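J.: Have a look; sequence and predicted model below, questions after that.
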Amino acid sequence: MKKITIIPIVLLIVGLLGLTVLAGEQNKMSVQVKEGAVRSSPSFLAKIIAKLEYGDQVVVKEEKSSWSKIELAGVYSQGWIHSSALSSKKIIVNPGDSDVDQAASDDELTLAGRGFNQEVEQKFRSRNPDVDFTWIDRMEKMVVSQDQIQNFIQSGGLNPEGGI
């Protein structure tokens, strides 16, 4: 009699474990930008606690507005990243033989960076000779540190949602 009641319980436990693993797989995302800032709270002004690179895998634990609370795959480290930096597509930058079909294309790598590769930019410039890229090139080279952002917020008396 005990064997009969144990079997359904074991099957129930195995089924629940399977659903848990399946739910974890559904929440796996890939970073689809060149560099993604993981922040302490869901705000662009929050402190950066980690940086992720294109193709890094994360698990989404929670969503709030346009932000995702993530856990780094294989590491218990959580933070917030803007949802636009994530893709449900598994991105593999350096594929092995078994991953070649899922590897990132040249176009995907280009879009993760500037959005233009040299060939696309040359075509665009030849079709639009009056467009001046000077300020775009300058902006791409600008780097603002986390300390500079915090000083700006404090000196301006700003109180951003999510904190700094």
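T.: Happy to help now that I have it.
J.: Which strand or helix spans residue 148?
T.: helix 146-155 (DSSP states H and E).
J.: Surely residue 159 forms part of a strand?
T.: No: judged by DSSP: H, G, I helix; E, B strand; the rest coil, residue 159 forms no part of a strand; its state is coil.
J.: Helices of the chain, residue ranges please.
T.: Under the criterion DSSP state H, helices of the chain are mapped to 2-26, 106-112, 118-127, 134-141, 146-155.
J.: Point out where the protein drops to low pLDDT.
T.: 1-26, 73-74, 76, 92-118, 160-164 (pLDDT under 70).
J.: Could you pick out the longest strand of it?
T.: Scanning the chain for the strand with the most residues, using DSSP state E, yields strand 57-64.
J.: Residue 39 is in contact with residue 51, correct?
T.: No: look at residue 51 against residue 39 with Cβ atoms under 8 Å: they stay out of range, at 10.4 Å. (Glycine included, C-beta is placed from N, CA and C.)
J.: Show me what the longest strand of the chain packs onto, helices and strands only.
T.: Packed against strand 57-64, as judged by 3 or more Cβ pairs under 8 Å, 6 or more residues apart in numbering; DSSP states H and E, are the following elements: strand 28-31, strand 67-72, strand 78-82.
J.: Quick check: neighbours of it in the sheet, parallel or antiparallel?
T.: Applying DSSP bridges, strand 57-64 is found paired with strand 28-31 (antiparallel), strand 67-72 (antiparallel).
J.: Pull out the buried positions in it.
T.: Neighbour counts using 16 or more other Cβ atoms under 10 Å place 57, 58, 59, 60 of strand 57-64 among the buried residues.
J.: ditto for stretch 144-161
T.: Judged by neighbour count using 16+ other Cβ under 10 Å, the buried positions of stretch 144-161 are residue 149.
J.: who touches that stretch?
T.: With contact meaning Cβ atoms under 8 Å, 6 or more residues apart in numbering, stretch 144-161 is reached by 43, 45, 46, 47, 48, 164.
J.: Let me have these in CSV, extended by distance to residue 132.
T.: Converted to CSV, the contacts of stretch 144-161 look like this (distance: Cβ to Cβ, whole Å):
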residue, distance to residue 132
43, 33
45, 31
46, 35
47, 36
48, 32
164, 35
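J.: What is the nearest of those residues to residue 28?
T.: Distance to residue 28, by Cβ to Cβ, is smallest for residue 48 among the contacts of stretch 144-161, at 22.7 Å.
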